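Colleague: Kindly return the folded structure for what I paste below:
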Amino acid sequence: MTMSAGWYLRRLSRMGPQEVAGRVGDTVRRRRWRSAPPACPSVAGARFTAVLPAEAIAAVPPDAAKRLTAEADRLMDGHVEYFGVVRDDLVDPDWWYDPKTGRRAPSGYAFDVPYRSEEAVGDIKQIWELSRHHYLTQLAAAYAITGDERYAERVAEHLRSWWAANPPLRGVHWVSGIELGIRLLSWVWVRRLLDGWQGAAALFEDNPVALNQIWHHQRWLAAFPSRGSSANNHVIAEAAGQFAAACAFGWFPASERWRADALRSLERHLRSNTFLSGLNRELASEYHGLVLELGLAALAEADAAGVPVPGTVRLVLLRMTDALAAVVDNRLRPPRQGDADDGHGLILDGAGTDRWGSLLSTGEAVFGRLDWWPSVTGTDVRTPLLAALIRPYQKNGTGPAVSRPAGRPGHFADAGMTILRGPEEIWCRCDGGPHGFLSIAAHAHADALSVEVRHDGVDVLADPGTYCYHGQPEWRQYFRSTLGHNTLELDGDDQSVSGGPFLWTRHAESRVLVADASGEGAARWIAEHDGYQGSVHRRQVELTAESQELKVVDEVRGPGGAVRLAFHLGPAITADLVDNRAELTWTLDGEDRRAVLDLPGQLSWQAHRGETDPPLGWYSAGFGRKEPATTLVGTGFTNGTEGFTTVLRFRG
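Modeller: Take a look at the predicted model:
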């Protein structure tokens, strides 16, 4: 996918004067660096002191260590999977190769690489993911736990290979700041976890090539921060990586300045990216997890280095953790809202470790759990290692006193998210919040007033997910469209207007009228949005505990028009649709489960599954993966006076 001139003009229209001026300066600097790149100063006497306490590794639970070493052995054998694509070439990887398309990214000056073009480069996510070096932190952690030097030697071999193949400012790995920031964070943890290995110093602080790479990564991040309308999770990754490296690798004349600047940026953007309720402003659940991971990792570096951080940093991370505990279902799954690209800040665990349980475990260790938090039964490697570095909250003056929720919140007014809960672990997310974050709302979907319903952790009415970013525009459009969500489409239009990938030029405005998530007998939610010019879509959702019944009433107030009302079922759900009634069945833990979905009789209903022209009836469990799932679509007309009532009844 190569961006058109029109896309760039629309993108420019979403920038303010300060952002435009900053980007002009970036362009001038890139041109100057082409002929006169900055040079790394000489470094003498560098030593790494940001080590783990002696007792940290011993605190790793045995089952978590077992999962990690099993993962490390798979990596040693050359096997890894990224975004649904299995690779068997990890013994000696080609750092610029995309196994999905078979293409190899071109060489040359970094800022000349057309990384958005799959034809020229390949799938950029496939190429970038390996070079975030998360798998190297896994191998290094396996060394720290087992003492097996095979893991350390493979890490050293691959770092030297990467540094040789990717000299500063050459090639695709020097294009995007988020990649440099996350890679720096990985290198900090690799060095920390290899500290007991005799070759660690020769690999890092005594290695001129490593010093050159570390300096150039930080110099790049200092020069090209994400700006203005792009200051979302990317700028937090950049600041967190820059700060971590300036703390742990503080060997350069500019280290103190880089550390101070990165901390200011991190504090500012953690606040700006987070609602006061603790939910991430991008309203994309996976980015909530990414930002929380990055923030906790940065906090660990600050405390390890004895660098004071503003109290607001800990406070935002505390609120994010409490918010995560509040919104997950009984299986610790958060909402599937907005974009999701399986991005992580720091990986120290093997396959089978629950990401969200790990974050809540770290939150408990650092901030303390509240009585209403869900129980976490799983274990992980990352929690005891982070907790060994981070000082507990509100001890030794590390955080201001703060009032935390006395009970589990069900409504987040600033984010427009409401969670209705019923018996038998019924979980329902209602979306009445802002379209997205900043002027471009890059990771938003046209999903106003959508609902997401689970029963004991199983997707019944599902958010289909994201699937892809680049290279497949028809799929990108489908998965973020109004029809691609459990809401109502009017006259074939999305509620918000897309200007192209990662760009929305008009945002639907929603408002919640009623949010009673804890009502006796029945929980109720009412909201509306103005995304359809001249008409208002209003939706009421009511969850009745005694009858295990969820009622959804849709109204279009205004001129009306052609309607499509969609309900996307999870991949585990089988549907038998007769007229306007669908019998739903699925199996969980060997038990048969059932529900009945009574659909509005005024509409003509049809089941769609796995259709490609155009796409309809799909579910993406993770980035790069999709599978057929049933979507029920009702078509008809509204004159603006009648409502459409849908009732979902769960049966024993």
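Colleague: CA atoms for contacts and neighbours, from now on please.
Modeller: Noted.
Colleague: Next up, the contacts around residue 222.
Modeller: By Cα atoms under 8 Å, 6 or more residues apart in numbering, residue 222 lies in contact with residue 258.
Colleague: Ok, residue 608 next?
Modeller: 616, 617, 630, 631, 632, 633.
Colleague: Tell me the secondary structure of it, please.
Modeller: Secondary structure assignment for residue 608 (DSSP: H, G, I helix; E, B strand; the rest coil): strand.
Colleague: Got the confidence number for it?
Modeller: Note for residue 608: predicted pLDDT of 98.
Colleague: what sits opposite it in the beta ladder?
Modeller: Beta-bridge pairing for residue 608 (DSSP bridges): residue 631.
Colleague: In the stretch 151-300 of the chain, what residue spans correspond to helices?
Modeller: With helices called from DSSP state H, counting those that start in this stretch, the stretch 151-300 of the chain shows them at 177-193, 200-203, 208-223, 233-248, 255-272, 285-305.
Colleague: Just the C-alphas of the fourth one, formatted as PDB.
Modeller: Extracted in PDB, the C-alpha atoms of helix 233-248 (Å, rounded to 0.1, in the frame of the first residue of the first chain):
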ATOM      1  CA  ASN A 233       1.600   5.000  21.700                       C
ATOM      2  CA  HIS A 234       4.500   5.600  19.300                       C
ATOM      3  CA  VAL A 235       5.800   8.600  21.300                       C
ATOM      4  CA  ILE A 236       5.600   6.600  24.500                       C
ATOM      5  CA  ALA A 237       7.600   3.800  23.100                       C
ATOM      6  CA  GLU A 238      10.200   6.200  21.800                       C
ATOM      7  CA  ALA A 239      10.400   8.000  25.200                       C
ATOM      8  CA  ALA A 240      10.400   4.700  27.200                       C
ATOM      9  CA  GLY A 241      13.200   3.200  25.100                       C
ATOM     10  CA  GLN A 242      15.200   6.400  25.100                       C
ATOM     11  CA  PHE A 243      14.800   6.800  28.900                       C
ATOM     12  CA  ALA A 244      15.700   3.200  29.600                       C
ATOM     13  CA  ALA A 245      18.900   3.300  27.500                       C
ATOM     14  CA  ALA A 246      19.900   6.700  29.000                       C
ATOM     15  CA  CYS A 247      19.600   5.200  32.400                       C
ATOM     16  CA  ALA A 248      21.200   1.800  31.900                       C
END
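Colleague: just use 8 as the starting number from now, easier for me
Modeller: Renumbered: residue one is now 8, and that last one reads helix 240-255.
Colleague: Could you pull out the helices in the stretch 408-557 of the chain for me?
Modeller: 480-486.
Colleague: can you list the weak-confidence ranges in it?
Modeller: Scanning the stretch 408-557 of the chain for pLDDT under 70 picks out the ranges 408, 526.
Colleague: again, only using 50
Modeller: Under the criterion of pLDDT under 50, none of the stretch 408-557 of the chain is flagged as low confidence.
Colleague: just the contacts of residue 615 now: which is nearest residue 148?
Modeller: residue 624 (40.9 Å; Cα to Cα).
Colleague: Report the contact partners of the closest residue to the closest one other than its chain neighbours.
Modeller: Distances taken as Cα to Cα, 6 or more residues apart in numbering place residue 616 nearest to residue 624, at 4.2 Å, with adjacent residues excluded. Counting by Cα under 8 Å, 6+ apart, residue 616 touches 623, 624, 625, 635, 636, 637, 638.
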